[in-house]
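>>> Sequence first, predicted coordinates after that:
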Amino acid sequence: MLNNALIQVGLFSVLVTAISVPLGLYMARVFAGEPTFLDPVLKPAERAIYRICGIHPASEQTWIEYAVSMLLFSAVGMVMLYAMERLQYFLPFNPQKFGAVASDLAFNTAASFTTNTNWQAYGGESTMSYFTQMAGLAFHNFVSAAAGIAVAIAVIRGFVRRSARTLGNFWFDLTRATLWVLLPISVIGGLVLVWQGVPDNFSPYTHVKTLEAADQIIAQGPVASQEIIKELGTNGGGFMNANSAHPYENPTPLSNLLEMLAIFAIGAGLTHTFGHMAGDRRQGWALFGAMAILFLIGAAVAIRSEQRGNPQFAAMGISQAASADQSGGNMEGKEARFGIVNSALWATITTDTSCGAVNSMHDSYTPLGGLIPLLNIQIGEIIFGGVGSGLYGMLVMAVLSVFIAGLMVGRTPEYLGKKIESREMKLAMLFILIFPAVILLPTGVAVVIKAGLAGISNPGPHGFSQILYAYSEASANNGSAFGGLNANTPFYNTTLAFVMLFGRFMMKVPVLALAGSLAGKKPVPPSAGTFPTNGAIFVVLLVGVILIVAALTFFPADALGPIVEHLAMMHAKLY
């Protein structure tokens, strides 16, 4: 089993690295307005959008104007999606005649897809019409991802510009991210998924008789076109309730590999975009290296924990070793066509980013196997991370790292030739502290009131883990779930919606303010005391700072449920 894991993880890592460099350099050209091979096709569409919307792409914005544009765009999109859900019975492409979505669920879903979270407290194939899936949910899969990329590009400009007041134009960046990055890859990826067996049609659901003479309804619809952007844009969610474990969303091992690559592609590529725009490609490789180390550690622990299986089964004399009759390990909640390695690898990838799509049920993982997705989320999903959000979250950690390095040598810290002073550190710490507050406060409320406790399916430590995981993924805009929490209630729909909104926008504003502050600074020449941020020492420091911040912020709450579960299992094995 070890060799199998090494081959699969190694192949995936090599492919991600190979894809990230050309994609990152391509994105750098796109957002610099330089010519690309897609210009003859996309330039006319871009000019038409600017003309219709009254956009002046050459007019740059300060960080405040950029943030206001982003917030207003998101607010209008959320209202439109809410209205679409409530009125879907009267809208076209509804062959199943689905009625209006309940008000609290519609609010939760509108907040979810606007924030790139894609948390779903409903079964997609039994709740949403084709029109809502396409014009509402898939639309937000594109624009919420594009908004994240746009903010990342604005933050990069803030870090690399000298004595500037502006960070670019939000509408230009949003349009370019959609037309030049997300749309072309989605068209090709969608066609590949159709080739692999993912349906994409407007047919009504098929009613069939099973071999046991039971009635079965087979859902269909425009699945492939939504599947690819949900992975590429690290959106998550799913056309089907079973998400990417469903054979109509993810039918083959090849589709599974391609979808995992899509989840990491843009987040990994943006590190090279940063290096290119900074004028030092090694700066991008340093961030890539730190992310890769954290990813491999998490994947190794998750895969090993699931391959070892459940200690309680061993205490009962049940063999979980791989043999000709069984795959071995903990296969509960996993698809046989993917196995343990591809399931645990996907769980690591989807929580390293803000994707949240799942091809297995995290609720069925062993305690330590389930701890890795939870830790990945609470680290801040900066391990390649969500499209855009992963990079700017990692840059905040880089600022904190050079500040700590500066304290060690008694020198004002610098990053990319910019002095990191009190204003920048206050904004960085605000960004870091908002995240745990948005998770822990509602979690504390949910575990002491009846409305919160009513949702858990497993009392005790695992029930606590279910609630903590739900608010963690909402705050980090991840959208995955342990799978055992009944969250389709007014309490959870409302509180999780506000957590998703706060987690998305309360963290974007300070990071844009940080970028605006750095953009106005004059560069200082490097000296003997300058700490290099493009080498192995910085990578080690950055990884250490990330782990320390996560441990100091979350460790007691994060580890309580899984560790108690693990100790209980070990006790059963021994006695």
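In hand now; what should we look at? Numbering: from 1, shown residues only.
>>> Ramachandran coordinates for the residue located most distally from the centre of the chain?
Ranked by distance from the centre of the chain (CA atoms, centre = their mean), the top residue is A213, with 42.0 Å. Dihedral pair for A213: phi 70, psi 20, per degrees, to the nearest 10.
>>> Likewise for F239?
According to degrees, to the nearest 10, F239 has phi -60, psi -40.
>>> distance of it from N108?
18 Å (CB to CB, to the nearest Å). Just so you know, the C-beta spots here come from the backbone N, C-alpha and C atoms, and that holds for glycine as well.
>>> Let me know the secondary structure of the one residue sitting closest to the centre of the chain.
Centroid check for the chain by CA atoms, centre = their mean gives S354 as the closest residue, at 1.0 Å. Using DSSP: H, G, I helix; E, B strand; the rest coil as the criterion, the local structure at S354 reads coil.
>>> where does the chain dip in pLDDT?
Across the chain, residues meeting the criterion (pLDDT under 70) sit at 1, 323-325, 553-575.
>>> where do the strands sit along it?
Ranges of strands within the chain are 206-209, 215-218, 414-415, 418-419, based on DSSP state E.
>>> now do the same end-to-end measure for stretch 170-183.
End-to-end distance for stretch 170-183, by CA to CA, to the nearest Å: 18 Å.
>>> Let me see the residues that make contact with it.
27, 30-31, 36, 38, 42, 45-46, 49-50, 53, 55, 57, 61, 65-66, 69-70, 73, 142-143, 145-147, 149-150, 153-154, 229, 232-233, 266 (CB atoms under 8 Å, 6 or more residues apart in numbering).
>>> and A446, how many neighbours?
25 (other CB atoms under 10 Å).
>>> Excluding chain neighbours, what is closest to it?
Closest residue to A446 apart from its sequence neighbours, by CB to CB, 6 or more residues apart in numbering: G452 at 3.1 Å.
>>> quick one: that neighbour from L391, how far?
Look at G452 and L391: by CB to CB, they are 34 Å apart.
>>> neighbour-wise, which of these two wins?
L391 (30 against 22).
>>> Count the residues that sit near the residue lying closest to A138 once chain neighbours are set aside.
Leaving aside its chain neighbours, A138 sits nearest to Q226 (4.6 Å; criterion: CB to CB, 6+ apart). Neighbours of Q226 under the rule other CB under 10 Å: 25.
>>> Test my guess that A476 contacts V438.
No. A476 is beyond contact range of V438, at 9.3 Å (criterion: CB atoms under 8 Å).
>>> okay, these two: which has more neighbours?
The neighbour count for A476 versus V438, taken as other CB under 10 Å, is higher for A476 (33 against 24).
>>> Quick check: that one vs G77, distance?
20 Å.
>>> swap in A428?
Distance of A428 to G77, given as CB to CB: 29 Å.
>>> tell me the contacts of the closest residue to V9 other than its chain neighbours?
Nearest residue to V9 in three dimensions, chain neighbours excluded: A299, at 5.7 Å (CB to CB, 6+ apart). By CB under 8 Å, 6+ apart, A299 lies in contact with V9, A344, L345, T348, I349.
>>> Over to M394?
Counted by CB under 8 Å, 6+ apart, M394 has contacts T271, L287, A290, M291, I382, G385, L542.
>>> which of those has the most neighbours?
When the contacts of M394 are compared by neighbour count (other CB under 10 Å), G385 ends up highest, at 31 neighbours.
>>> about what we covered before: out of the contacts of A299, give me the one that has the most neighbours.
Busiest of these [other CB under 10 Å] is A344, holding 32 neighbours.
>>> I'd like to know how far Y66 sits from S354.
21 Å.
>>> Kindly report the same for I379.
12 Å.
>>> quick revisit: would you mind checking the contacts of stretch 170-183 for buried ones?
Taking 16 or more other CB atoms under 10 Å as the criterion, what is buried in the contacts of stretch 170-183 is 27, 30-31, 42, 46, 49, 55, 57, 61, 65-66, 69-70, 73, 142-143, 145-147, 149-150, 153-154, 229, 232-233, 266.
>>> In helices, which of the contacts of A299 appear?
Using DSSP state H, the members of the contacts of A299 that fall in helices are V9, A344, L345, T348, I349.
>>> check contacts around the residue nearest to A446.
V445, A446, I467, F491, Y492.
>>> who are the neighbours in contact with V396?
Contacts of V396 (CB under 8 Å, 6+ apart): A428, F431, I432, V511, L514.
>>> As CSV, those with distance to I217 would be great.
Listed next are the contacts of V396 as CSV, based on distance: CB to CB, whole Å:
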residue, distance to I217
A428, 51
F431, 46
I432, 47
V511, 46
L514, 51
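>>> Can you tell me which of these is nearest D363?
I432 (29.0 Å; CB to CB).
>>> Can you give me the distance of the closest one to G370?
25 Å.
>>> Pick out whichever of the two has more residues nearby.
A side-by-side neighbour count of I432 and G370, using other CB under 10 Å, places G370 first with 26 against 18.
>>> Next, give me the two most distant ones among the contacts of M394.
Using CB to CB, the contacts of M394 reach their maximum pairwise distance at G385 and L542, which is 13.8 Å.
>>> Kindly reformat the ones in helices among the contacts of A299 as CSV containing distance to A536.
Output for the ones in helices among the contacts of A299, formatted as CSV (distance: CB to CB, whole Å):
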residue, distance to A536
V9, 22
A344, 28
L345, 26
T348, 24
I349, 25
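>>> which one of the residues you listed is nearest E306?
For these, the minimum distance to E306 (CB to CB) is 4.8 Å, reached by A344.
>>> Hmm, V301 and that closest one touching each other?
No. At 9.1 Å, A344 does not count as touching V301 under the criterion of CB under 8 Å.
>>> Common neighbours of these two, please.
G369.
>>> Check the gap between G479 and H362 for me.
12 Å.
>>> Give me the nearest residue to E125, chain neighbours excluded.
E125 sits nearest to A219 (CB to CB, 6+ apart), 3.8 Å away.
>>> Repeat that for A100.
Using CB to CB, 6+ apart, the closest residue to A100 is R86 (5.0 Å).
>>> ok, how many other residues are close to that neighbour?
Residues lying near R86 (other CB under 10 Å) number 17.
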